[in-house]
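Q: Have a look at this prediction, sequence included:
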Amino acid sequence: MAKPRLAPAPTPAPARAPAPANANPAPPRKRSKWILLALVAVALLGGGGTAAWFFLKPQAHPADGKAEAVAAEIKSPPVFVTLEPFTVNLQSENGDHYLQAGIVFQVTDDKAVDAMKTYMPVIRNRLLLLLSSKRPSDLAALDGKQKLVAELVVAARESLPGGQTPERGIDSAFLSSFVIQ
């Protein structure tokens, strides 16, 4: 008898390599997309900076000389002259009262400082007379103090040669201390 023929043994299929994790890799990003985004960002930032500069810069009008005057004021620091404190008796209302006040003048330049030093006895005399002519009720309210400051500027300007014109160099006055008792 004939041997039955066996079918050949199936040969195992060759082992396949495992599929890579990126079986379907995404297409690579295009650099032109990022470059375009960077250019847009730079343009927006540059435009914003230019707009801010344009709208925030000081407006100078060549025909108007005020811009140069304001620029000169900003560039030069303020000059102050501090006087020794004043202690005066006030006009009597209901009892004796006295005032102790510290006064500081803002002046335009060093020439005004020199002029004030030269005429300091005259300035102090006028200010003492002015302060001692006040009543406590005149100085109690804020508006009374503001009026006094304006009068201090006038008195100091009148003490310098040339009268009370602002060209004499005294711009304003400030109270550095103020006590009524």
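A: Yes, it's here.

Q: Was I right to think Leu99 contacts Pro85?
A: No - proximity of Leu99 to Pro85 does not meet the contact threshold set by CB atoms under 8 Å, at 10.2 Å. Heads up, the C-betas are built off the backbone N, CA and C, glycines and all.

Q: Between these two, tell me which one has more neighbours.
A: Leu99 (19 against 12; other CB atoms under 10 Å).

Q: where does the more buried one land in three-state SS?
A: At Leu99 the chain is in strand, as set by DSSP: H, G, I helix; E, B strand; the rest coil.

Q: For it, list the residues it contacts.
A: Leu99 makes contacts with Phe86, Thr87, Val88, Leu90, Leu131, Lys134, Pro136, Leu139, Phe178, Val179, Ile180, as judged by CB atoms under 8 Å, 6 or more residues apart in numbering.

Q: Tell me how many other residues surround the closest residue to Asn89 other than its chain neighbours.
A: Spatially, and ignoring its direct neighbours in sequence, Asn89 is nearest to Tyr98 (5.2 Å; CB to CB, 6 or more residues apart in numbering). Tyr98 is flanked by 14 other residues according to other CB under 10 Å.

Q: cool, Ser159 as well?
A: For Ser159, using other CB under 10 Å, the count is 22.

Q: rounded to a whole number, what's the mean pLDDT of the longest helix belonging to the chain?
A: Longest helix of the chain, by residue count under DSSP state H: helix 31-56. Taken as a whole, helix 31-56 carries a mean pLDDT of 79.

Q: Could I get the buried residue list for that helix?
A: By 16 or more other CB atoms under 10 Å, helix 31-56 has no buried positions at all.

Q: now stretch 113-133
A: Residues Val113, Ala115, Met116, Tyr119, Val122, Ile123, Arg124, Arg126, Leu127, Leu130, Leu131 are the ones in stretch 113-133 that count as buried (16+ other CB under 10 Å).
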